[in-house]
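In: A predicted structure for the sequence below; I have some questions about it.
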Amino acid sequence: MASSYYKLDISSRNKTGSKESKIARKKGFVPGVLYYSGEEARGISIEKSILLRAMNSGQRIFEINQDGKSQYTMLKQVQYHPVTDEVIHIDLMRVRRSEKITISVPIVLVGDAIGVKEGGVLSQSVTQVEISCYPTDVPEKIDLNIDDLEINAALSVSDIDTGSEDIELISDANLNIVSITTPVSENVADEEFEDDEDSHGKDSSDEKADDSSKEKSDEKNES
């Protein structure tokens, strides 16, 4: 669990709009908006290098200083440049430590699956899970042990243990996270073997039909 928070130094933006946003970016800042329920949205800017370090820290909740008081925020939305993939705008949402929030955290597979050791192919279809918890309890990640996962078996959200009663899973319990399947090459080989057997059986049947027809023709000619 996160016991401390990455601190973000934010600056207020008195002027907003595309022109002001471009000016901020040229100065090395990322423009954004700070939201909080029941309050007016506020234009802000954050030094780009500081923001990137915060985003790469693995934390989901950040501490900011607002009006001389420490406040806590989470990233609500991040906009990237369509060509360079650089962060060009962010939306922050203020949260209270006494109120639960809904947030997505990454799922990390832990262990060596039995099915993989036996030659199966592991496929992870979901990399994040949505949870509800207090900001002070937001985990950087949630581990999912796959040691006992066999071939043609799967694990879903219901198999996750959050490790805390205060962390509630919001994602659908039946949502598949990871599965192990038989290698495609083996499936193809089995299908080809079955096709060969069917083909062989059909050829034998055709040969018997031809022999039977020939015998009847010979008997008719003799009579």
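Out: That came in fine, so what should we check first?
In: residue contacts, the residue nearest the centre of the chain?
Out: Residue closest to the mean C-alpha point of the chain, counted by C-alpha atoms, centre = their mean, is residue 127 at 2.4 Å. Residues near residue 127 by C-beta atoms under 8 Å, 6 or more residues apart in numbering: 106-107. C-beta coordinates here come from the backbone N, C-alpha and C atoms, glycine included.
In: just residue 169 next, same as before
Out: Residue 169 touches 129-131, 157, 160, 162, counting by C-beta under 8 Å, 6+ apart.
In: where do the helices sit along the protein?
Out: 18-26, 48-55, 114-117, 184-222 (DSSP state H).
In: partners of the longest strand seen in the chain in the sheet?
Out: Using DSSP state E, we find that the single longest strand of the chain is strand 69-80. Using DSSP bridges, strand 69-80 pairs in its sheet with strand 61-66 (antiparallel), strand 87-95 (antiparallel).
In: ok so, going back, could you measure from the residue nearest to the centre of the chain over to residue 108?
Out: Remark: distance between residue 127 and residue 108 (C-beta to C-beta, to the nearest Å) = 9 Å.
In: And for the nearest residue to residue 164 once chain neighbours are set aside, the neighbour number?
Out: Closest residue in space to residue 164, ignoring its immediate chain neighbours: residue 137 at 6.4 Å, by C-beta to C-beta, 6 or more residues apart in numbering. Residue 137: 18 surrounding residues under other C-beta atoms under 10 Å.
In: any idea which of the helices of the chain scores lowest on pLDDT?
Out: When these are compared on average pLDDT, helix 184-222 comes out lowest at a mean of 55.
In: Low-confidence stretches in this protein?
Out: Of all residues in the chain, those with pLDDT under 70 make up the ranges 1-4, 15, 185-223.
In: Mark out where each domain of it begins and ends.
Out: Annotated domains of the chain cover 6-95, 102-181, 184-213 [automatic domain parsing].
In: now the end-to-end length of the first one.
Out: In other words, domain 6-95. Start-to-end span of domain 6-95 (C-alpha to C-alpha, to the nearest Å) is 15 Å.
In: from the chain's centre, how far out does it sit?
Out: Relative to its chain's centre, domain 6-95 lies at 24 Å (C-alpha atoms, centre = their mean, to the nearest Å).
In: Output stretch 157-170 in PDB with nothing but the alpha carbons.
Out: Below are the C-alpha coordinates for stretch 157-170, written out as PDB (Å, rounded to 0.1, in the frame of the first residue of the first chain):
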ATOM      1  CA  VAL A 157     -11.700 -11.300 -11.300                       C
ATOM      2  CA  SER A 158     -13.300 -13.400  -8.700                       C
ATOM      3  CA  ASP A 159     -10.000 -15.200  -8.100                       C
ATOM      4  CA  ILE A 160      -8.300 -12.000  -7.000                       C
ATOM      5  CA  ASP A 161      -7.400 -11.500  -3.300                       C
ATOM      6  CA  THR A 162      -7.000  -7.800  -2.600                       C
ATOM      7  CA  GLY A 163      -5.500  -8.500   0.800                       C
ATOM      8  CA  SER A 164      -7.700  -6.000   2.500                       C
ATOM      9  CA  GLU A 165     -11.400  -5.700   3.500                       C
ATOM     10  CA  ASP A 166     -11.200  -2.000   2.700                       C
ATOM     11  CA  ILE A 167     -10.400  -2.700  -1.000                       C
ATOM     12  CA  GLU A 168     -13.500  -3.700  -2.900                       C
ATOM     13  CA  LEU A 169     -13.400  -5.100  -6.500                       C
ATOM     14  CA  ILE A 170     -15.700  -3.200  -8.800                       C
END
